[in-house]
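Novice: take this sequence and fold it.
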Amino acid sequence: MIRMTRVRLVNWHNFTDSILDIKMITYLIGVNAVGKTTIMDAVRYCLTTNKNFNTAGNRRSERTLQGSVHGKQRAVKVYTRPGHTVSYIGVEFYDEIKQKPFVITVRVESENPAQELRHVSQDWYLTKPGYNLEQLPYIIKNRPASREQFRLSGKGLEMAPNQTEARRRISRILGIGEADSPLGKKFHEVFHMGTSLEDINNIREFIYTYILPEPEMNLETLQGDMRELERLSEVLMEAQQREKSLQEIIDCLDEGRRLDGRVRVVELLIEYARWQEAVEKDRYCELEITRNQRISVTAGEELKVLEERKSALTRKRDEAIRNLGQNPENQALTYLQEKEEELKKQCRELRTAKDKLDRSVSMLKQLDEQLKIQDFVLGISDEITNIDISLEERKEQIHTLAAGLKQLEPEIKERGHQIWASIETAEQELKGIGKRLLQLKSGKMVYPRDAEKLKQVINSELQKRGMPEEARIFCELLYMTDESWQDTVESYLGSLRFHVLVPPRYYQVAKEVFVRMGREVGHAGLVDTIGLERDYHKAEFPEGDFLVGKIESKNPYARMYIKFLLKDTVCCEHESDLEQYRRSVTKDLLRYQNYCLIRMDKREHYIGLNARKQQIDVLEKRQNTLLTEKRHSENSKVELERLEQLYYPFVQGNAMEDLYQHLDAPERLEETEQQRLNVRKEIEEYENNPILRAMFNQIDCLKNELEDLDKECVNKQASQQTADQTILKMRQEQEKNRDYIQETRQQYESLLHQYSEYQEDALARYEEYAKTRSPAEIVKNQINSNALAQLQSRRDNYINAILIPKQNDYNSHYACDYAPGLAGDGAFRMAHVSLVNIDLEKYKEDLRQAQIRCEARFRKDVLFRLKDDITTAKQQIKSLNRVMENLAYGEEQYRFYVDGCKEGELKAFYNIIMAEKNEEYSEDSQLSLFTETRDEAYETQVHDFMERIMVDAKEIAQARAEGKKVAFKPLSQYVDYRTYLDYDMYVKNLSTGYEVPLSEVSGDGSGGENQAPFYVAICASFLQIYEQSENSIRLILLDEAFNKMTSDRIAPMMKMFRDLKMQVLLISTVEKCSSIYPYCDLTYSILKVGNRNSIGLFDREQI
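Specialist: The predicted structure follows:
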């Protein structure tokens, strides 16, 4: 055994230079505040290097090393040695086996009480066996020795280079063993266990304080992971808040666009109505032309009737003239007059024939021009009206022309059908483009209907089950890292772009929906993310210039899928390199696979932030092309209609017959008119005969009647002429109006080019209005009703009062310069798409990876460590119980009970900790732990456990996201393995054999009855350590000993110490002296006079 024999204190608290002899049981008594505990501090400090004096004696005290060195007085900042001070603590031991003493000394040198502890000199010295306190030069010339003076001749004194080494050497010389060994660590944990027990109220607190050590978890890395988790949570929350702000702006933009759409619909309606007004005017002119053509024809027919009436009167007149005809002169006159009338009739007929010929020739020339415009090959000769050519030759040309025109009829009809079909096809495609543009410009990508429907149904099912709506279309989550390869990637993936992805934990729900939908899923696919995640970590991805390197995703599952699809497809700059690889592609859409070279079709872009804008550009380009084609087709339709108006009169009407029958009418008219003039001269000679004049009077009456008929004929001719003039005027109006049609049409199409998505609504509204109003009335009503101005005002008020302030707030808060109003629509939507499809996915993935790292760290540094600590604690208690089985306190024997918590949340957590699946693993096994062999049920429990422990991280992230200032909180009590254990101590009566838990009787007994088991446990803890060595100290320090125990309870305790050969240094108040003193080998009385302490042997007779 190694016994402590003496203690020397130099400049320690109120002791200037004092030496205490120490026996097996040494007792220090005195009133409160005389410095008893400072002696205990000195011994503990010297033997353990532990400067934390608050763990001994009164645990709420403020004793410090510098306070003891400089002599701080109780409760005031007054020091007896305020300046430079050197203190010594020397503890002498006697080794009974070697039968030699040795000394352990600590020297402390401090400049002043305020000096930082790290600058205070602390040196430990150990003598070789054979040296005692008297041989060490603590005091030289009445002053503490300097470091250079404190030495022994013959090198019998060794100084430890540092405190760690000092602790090691002291542990070895005291027989404890290595300080870093489990036994050495245990010694330094329990050496302070004899401190006051007055604050220990229950067995749990006692075990926490004295039996089971605090957990030694290195949580810095885990806390760092937690801080990173907290930071990423804040980043994600901030991004989600930003997405929320953007979504509000997008909603406002949608409303602004809706209001703007109403304005654009009215604007399109007005412009379309103006165009249709011009078209209607053209139709009106065409109708007027047709109507007046009928009037002209009718007038001609009525004129023919009048001519017949005139012929009848003429015969009557001729009868009167016949009476006059007996006169040879009159006969001659009659002959001439008849001849004149016949010539007049011929002239009239020939004049009508000539008019018909002129009209036919004019129409024929127009027809010829239109045929040339429409690219119909049919040469119409100008020689048809050339009088220098014989009539027979000209008629032959007319026969040939008629046959040629007839042959053109099928071609003209086919041309009309093609134009109509082209217009109809363009209108249908434009209608579809308009709908897609409306969706795209509102910020919504347009995906195939099957994919959209599958995504929608899956998200609906997830929502019903209380799960987040995380079904996404594959291409939504992708973006290009090298846009020069986008055409190749889009073409290579094809319909695979529209497969639907969900996180693995929701795959089974999505699969149920997919199967339930049956054939409704169409061509849409569902990616097996469970198998994808499983196989991804096993797959190898070669290095090189592969197509997968041109595309990326922040979503982990989209990234895994795209890597699987494109991992072995090589990018070639030239087609000559294609055959060198199993799978290869070029930028110009050549693809080599399975020994076959093909050219892929160019696909519409769906990948990346610019996909929506690219689709809009492509659709607008196609829209412009279609509008141009439609406009060309409509122009062709107008020209073809004009051609048909000229063509069918020759094929189905009388124009060709008029041309043929009256081909020689001009020459015949000229010849006949000349004959009539000659006859007229001869008639005038006979009319001057008086005899005949009387006869003429009778005839004059008939002539008057004929004149009336002539007037009627003139009126009819005037009507015919008016109709012809109206036709001419309407044709002129048509020519002028066609320019206006073109102008209004261009204005409408220009507006339509900007707002084609509203065409359908505008046309539908026009059709509704057109049921009761003309186009002109529609225009007038829309302008006069002020509806457009009201809609514009409502739109502008909404944009200026609601949309722009939100946009300005966003720009200001996030330091952006996006254009305000509807002009910023594209920028804000692009920012939203980028945030949702890229940034948020990245932040979620970063957070997920951080959670995995944190959970892995938690599994390694906390969960398994908790299991290991609990197992060790149980073994430690079991070992302590084996010692306590041999300890008897009077008629009582004690043992500890420790087991897992039996109730509530702690029971569940205990089961998680102690589960067989909680195994230690290395960093290399982390991946398999979380992907291959994981038990989902157990992992869920672990995750919940970690969430419970790390709830502070989320609370901090939420608080900081709300702008609150919060400090980082340490990990909770849940990382302390002792939290998950239930504790008790069983008391066994050796006489009766009954055993009851202390927790059930602690409330019935006195304080001493409750305190005695704790002293037994302390004794057992020391025995566990000291009995491991054949030769070691058996020292116990007891401060404020037995303060709640009665004399009948103290006596068995003192006897137990004696029987176990424990060396005890104990302190108590004077009140306990009579109960303790009889069992002590040496008793000191501690007194304080002013600022000085004195120590004297206590005389039994003073009691």
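
Novice: may I ask you to name the longest helix in the protein?
Specialist: helix 220-323 (DSSP state H).

Novice: and the helices in the stretch 651-800 of the chain?
Specialist: Ranges of helices within the stretch 651-800 of the chain are 655-661, 665-687, 690-754, 759-769, 775-784, 787-798, based on DSSP state H, counting those that start in this stretch.

Novice: quick one: closest of those to Gly525.
Specialist: helix 759-769 (32.5 Å; Cβ to Cβ). C-beta coordinates here come from the backbone N, C-alpha and C atoms, glycine included.

Novice: tell me the domain ranges of the protein?
Specialist: 2-202+1002-1102, 239-424+625-780, 446-605, 847-1001 (automatic domain parsing).

Novice: and the longest one, how far out from the chain's middle?
Specialist: Spelled out, that is domain 239-424+625-780. Here the centre of domain 239-424+625-780 is set off from its chain's centre by 69 Å, with Cα atoms, centre = their mean, to the nearest Å.

Novice: with the shortest one instead?
Specialist: Centroid separation between domain 847-1001 and its chain, computed with Cα atoms, centre = their mean, is 38 Å.

Novice: then stretch 228-248?
Specialist: Offset of stretch 228-248 from its chain centre (Cα atoms, centre = their mean): 9 Å.

Novice: kindly report the same for stretch 814-830.
Specialist: The chain centroid and the centroid of stretch 814-830 are separated by 18 Å, computed with Cα atoms, centre = their mean.

Novice: separation between Arg168 and Ser181?
Specialist: Using Cβ to Cβ, to the nearest Å, we find Arg168 at a distance of 10 Å from Ser181.

Novice: the more surrounded of those two?
Specialist: Arg168 (18 against 14; other Cβ atoms under 10 Å).

Novice: show me where the stretch 301-450 of the chain has helices.
Specialist: Going by DSSP H, counting those that start in this stretch, the stretch 301-450 of the chain shows helices at 328-373, 391-441, 449-464.

Novice: most centrally placed residue in this structure?
Specialist: Closest to where the C-alpha atoms of the chain average out (Cα atoms, centre = their mean) is Val836, at 2.7 Å.

Novice: part of a helix, is that one?
Specialist: Yes - using DSSP: H, G, I helix; E, B strand; the rest coil, the assignment for Val836 is a helix.

Novice: gap between it and Gln247?
Specialist: Val836 sits 9 Å away from Gln247, going by Cβ to Cβ.

Novice: what mean pLDDT would you report for stretch 177-184?
Specialist: For stretch 177-184, mean pLDDT rounds to 88.

Novice: how far does that stretch stretch from one end to the other?
Specialist: 6 Å (Cα to Cα, to the nearest Å).

Novice: repeat for stretch 475-491
Specialist: Stretch 475-491 has its terminal residues 13 Å apart, counting by Cα to Cα.

Novice: give the buried residues for the helix or strand hosting Thr105.
Specialist: Taking DSSP states H and E as the criterion, Thr105 maps to strand 100-110. By 16 or more other Cβ atoms under 10 Å, the buried positions in strand 100-110 come out as 101-110.

Novice: what is it packed up against?
Specialist: Other helices and strands packing on strand 100-110, by 3 or more Cβ pairs under 8 Å, 6 or more residues apart in numbering; DSSP states H and E, are helix 36-48, helix 65-70, strand 85-95, strand 121-127, helix 163-173.

Novice: now mean pLDDT and distance to Ser991 too, for those, in CSV please.
Specialist: CSV is the format used below for the helices and strands packed on strand 100-110 (pLDDT from 0 to 100; distance: least, Cβ to Cβ, whole Å):
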stretch, mean pLDDT, distance to Ser991
helix 36-48, 92, 37
helix 65-70, 91, 48
strand 85-95, 97, 40
strand 121-127, 95, 49
helix 163-173, 95, 42
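
Novice: as a markdown table, these with distance to Phe1098 would be great.
Specialist: Output for the helices and strands packed on strand 100-110, formatted as a markdown table (distance: least, Cβ to Cβ, whole Å):
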| stretch | distance to Phe1098 |
| --- | --- |
| helix 36-48 | 13 |
| helix 65-70 | 24 |
| strand 85-95 | 21 |
| strand 121-127 | 30 |
| helix 163-173 | 30 |
